Structure formats: C-alpha cells, structure tokens
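# Sequence and predicted model, in that order:
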Amino acid sequence: MNRLAAFAYGLFAYVFFLAVFLYVIGFLGGFIVPKTINSGPKTPLAMAVAVNMALLALFAVQHTIMARREFKQWWTRVIPAVVERSTFVLLTSAILALLYWQWRPIPATVWNVEAPGIRAVFHVLFAAGFGLVLYSTFLIDHFELFGLRQVVLHLLGKEPSTAPFQTPLLYRLVRHPLMLGFIIAFWATPNMTVGHLLFAAVTTVYIFIGVRLEERELVLQHGESYEQYRQTTPMLLPFTKRKPVQSAAGK
C-alpha cells in the first residue's frame with residue numbers, strides 16, 4: 001500500500017476515533033452534544049429495547065470477531081497489514097457513531113440524586129472514569145492501540161517492533177484498568193434512567209466477556225509470563241488477590 005495513502009487513512013481513523021470518544025462523554029453525561037442517551041424521539045418501550053439491544057449487539061459482534069487472532073490472519077490477506085488496526089478502529093468508531101445516532105431513549109427514572117454534594121461525587125467519578133480510560137491507553141501504547149503508530153512507521157520506512165510484556169503503574173494493581181475506567185464512567189450518574197441502565201448493564205457484561213476472550217489471546221502471545229500475571233494480579237478490583245504462597249518444597 002502506498003505509504004502516504006496508508007498514513008492518511010490511519011490518521012483519518014485516529015481523528016474519527018477521537019471525535020467518537022469525546023462524543024461519548026457528552027452522550028452519557030448529557031451535556032454539549034446534540035444527542036444524548038436520554039434525548040431523541042419517543043419510541044414504544046419494546047421497540048426502544050429491541051433497537052438498543054441490536055445496536056449494542058452489533059458493536060459486540062464486530063469488536064469480538066475483528067479482535068480475534070484467526071480473523072486478523074485472514075483479514076490481512078484482504079487488506080494491507082499496516083492498516084489492519086486502523087480499519088478495526090475505524091469500523092468500531094463508525095458503529096459507535098451509529099449507536100449514538102440511533103439510540104432510543106427510555107426516560108423512566110431508576111434513581112435521581114438531588115443532594116448537591118452527592119451529585120458532585122457522581123460527576124467526579126464520571127470524569128475520573130474517562131480519565132482512567134485515557135491514561136491507561138498511554139501507559140501501554142496509545143498510538144499503537146489506535147493504529148497511528150503503525151502507519152507512521154510505515155511512512156518512515158521502518159518496521160514495527162514487538163514490545164515485551166510489561167506491567168506499567170496501574171497495570172500492577174489490576175490487569176485491565178482501561179476497562180475499569182469504562183465501568184466507572186458508565187455507572188457514575190446522578191440521574192440514572194432505564195435507557196442508561198440498559199446501556200451500562202449490557203456493556204458491563206460485555207466487558208467481562210471481552211476481557212476473558214482477550215486474555216486467552218494474551219496467554220497465547222506471552223505465554224507463562226502473562227499466566228503468572230493473571231494469577232497474581234486482580235482483573236478489575238485492586239487489592240483483591242494475593243500472591244500465591246509457595247510451599248516449603250517449592251522454595
């Protein structure tokens with residue numbers, strides 16, 4: 001693939017991702033953006049649930065299939081390997097944009113916190129959740145995660161290198177701080193509606209499923225080092241797993 005074309009494609013995918021990521025903050029928080037999780041045309045409950053579940057399922061299926069090693073091996077016979085990650089990011093972002101656009105609000109209230117102090121706590125947790133998501137991506141390799149590093153190296157005529165398995169900072173406390181950030185952000189709202197609850201519950205379930213699938217890939221990729229990491233480090237909640245105690249014979 002032409003180096004400049006690959007770079008332009010990867011850059012577009014990255015900028016589109018940034019726009020979609022910023023939009024979800026307003027979409028869930030209910031500010032700035034024109035369409036939020038609680039706004040839009042009124043829809044009968046059954047239809048609203050069906051449409052929303054279909055949108056979430058579309059995201060889950062695309063994200064799960066395209067992240068698998070077997071699919072990548074086949075997919076890179078169709079498209080250049082250098083833009084494989086950018087294509088994944090672009091399609092994921094497009095499906096999320098579709099979800100924001102077509103989401104059907106279900107405005108019935110689950111909880112509504114009116115106390116200013118408690119509302120402020122929810123807002124702080126919401127901001128902290130998304131902050132944790134973004135920070136976690138930079139602890140690993142933000143630009144590689146979203147496909148930009150690959151196309152920049154290709155533009156410069158350099159070959160990408162495989163980084164060794166590492167556990168920087170937050171990754172020493174939990175294996176998936178990025179996913180923990182999403183869960184916090186999805187649930188931290190002082191005004192929980194049924195529609196928001198549906199979104200938070202389904203995405204949380206998918207996160208647990210997705211993490212299990214991802215870890216199978218990581219064990220295959222990193223072997224014993226990741227298996228040991230998985231045994232000694234909690235998945236999402238810090239300080240909930242202790243290091244295994246060696247027997248006297250094993251010392």
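Good, I have the coordinates. Since we're looking at a predicted model, the values are computed, not measured.
# Near residue 166, how many other residues are there?
11 (other Cβ atoms under 10 Å). The way it works is simple: take the backbone N, C-alpha and C, and place the C-beta from them, glycine included.
# On the three-state scheme, it is what?
coil (DSSP: H, G, I helix; E, B strand; the rest coil).
# Quick check: the gap between it and residue 236.
19 Å (Cβ to Cβ, to the nearest Å).
# State the pLDDT value of residue 118.
Per-residue confidence at residue 118 stands at 96 (pLDDT).
# residues in contact with it?
residue 190 (Cβ atoms under 8 Å, 6 or more residues apart in numbering).
# So it versus residue 124, what's the distance?
Distance from residue 118 to residue 124, by Cβ to Cβ: 11 Å.
# got it, and residue 23?
In terms of Cβ to Cβ, residue 23 sits 21 Å off from residue 124.
# between these two, who's got more neighbours?
Of the pair residue 23 and residue 124, residue 23 is the one with more neighbours under other Cβ under 10 Å, namely 19 against 11.
# Dihedrals phi and psi, that one?
phi -70, psi -40 (degrees, to the nearest 10).
# now it, nearest residue through space, not along the chain?
residue 33 (5.7 Å; Cβ to Cβ, 6 or more residues apart in numbering).
# My understanding was that the one you found contacts residue 19; is that so?
No - contact between residue 33 and residue 19 fails when scored by Cβ atoms under 8 Å: they sit 10.7 Å apart.
# So if I had to pick from these two, which one is more boxed in?
Using other Cβ under 10 Å as the criterion, residue 33 and residue 19 rank with residue 33 on top: 16 against 11.
# what about the residue positioned nearest the centre of the chain, distance to residue 99?
Taking Cα atoms, centre = their mean, the centroid of the chain lies closest to residue 179, which sits 6.2 Å from it. Here the criterion is Cβ to Cβ. By it, residue 179 lies 18 Å from residue 99.
# for the stretch 101-250 of the chain, what are the low-confidence residue spans?
Scanning the stretch 101-250 of the chain for pLDDT under 70 picks out 241-250.
# Can you show me the helices along it?
Ranges of helices within the stretch 101-250 of the chain are 116-139, 142-145, 148-155, 177-187, 194-222, 224-232, based on DSSP state H, counting those that start in this stretch.
# Compare the ones you listed and report which one is nearest to residue 81.
With Cβ to Cβ as the criterion, residue 81 lies closest to helix 148-155 of the helices of the stretch 101-250 of the chain, at 8.4 Å.
# This completes my enquiry, with thanks.
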